[in-house]
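J.: take a look and give me a structure for this.
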Amino acid sequence: MKLFALSLLLAVGMLTTPVYAAMPAQPSLKATALDGKPYDLAAQRGHWVIVNFWATWCVPCIKELPDISHFVATHPNVRAVGVAYEDTDPSDIRAFLAKHPVSYPVVQVTMDKPLTDFDEPLGLPTTWLISPDGKVAKHFMGPITSAALSAAIGK
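T.: Got it, this is the predicted structure:
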């Protein structure tokens, strides 16, 4: 009887759990950055791209922003895009970035309109490293470091 009840619970759980499409191996990201300029991940082909999901209220995110900027500045074949993953007014994020500047574009994604080609982050910060051919090379949960990026890129 216990086995039947457990099986029934698992079956019901599978029916009520939302089904997410698998993230494509070569994701796209087209958006308008907070500075008003268009951003297209496909235009970055030929370079490694750090796609970093963060929020203004996330302390580890704030700590890694200058580290990502420095990594991009010291690695000519690496680009980055910040994805401000929060439901706040864009002017508040711009004000935050004025105090915590980064050397790469930042786009905003709200929770009710997530990116279609990237899995929704289970926590922040979350980072995807995209290889020069546009494919996902690595997924990082939590803060990233220069050492982890260097190891993933092979430099």
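J.: hey, let's count contacts and neighbours off CA atoms from now on
T.: Noted.
J.: low-confidence ranges, this structure, go.
T.: 1-21 (pLDDT under 70).
J.: which parts of it are helices?
T.: Here the chain has its helices, by DSSP state H, at 2-16, 59-74, 90-99, 146-153.
J.: so who does Asp119 touch?
T.: With contact set as C-alpha atoms under 8 Å, 6 or more residues apart in numbering, Asp119 has these partners: Ala22, Met23.
J.: surely Pro60 touches Pro125?
T.: Yes. Pro60 is within contact range of Pro125, at 7.0 Å (criterion: C-alpha atoms under 8 Å).
J.: who has more neighbours out of the two?
T.: Taking neighbours as other C-alpha atoms under 10 Å, Pro60 and Pro125 compare with Pro125 leading, 24 against 16.
J.: my read: that one touches Thr56, true?
T.: No. The pair Pro125 and Thr56 fails to qualify as a contact (C-alpha under 8 Å) at a distance of 10.6 Å.
J.: who touches stretch 26-38?
T.: 39-42, 90, 94, 105-108, 115, 117-118, 134-136.
J.: switch to 10 Å and redo it
T.: 39-43, 51, 81-84, 90-91, 93-94, 97, 104-109, 115-119, 130-131, 133-137 (C-alpha atoms under 10 Å, 6 or more residues apart in numbering).
J.: now, the residues you listed that are in strands?
T.: 39-40, 51, 81-84, 106-109, 130, 136-137 (DSSP state E).
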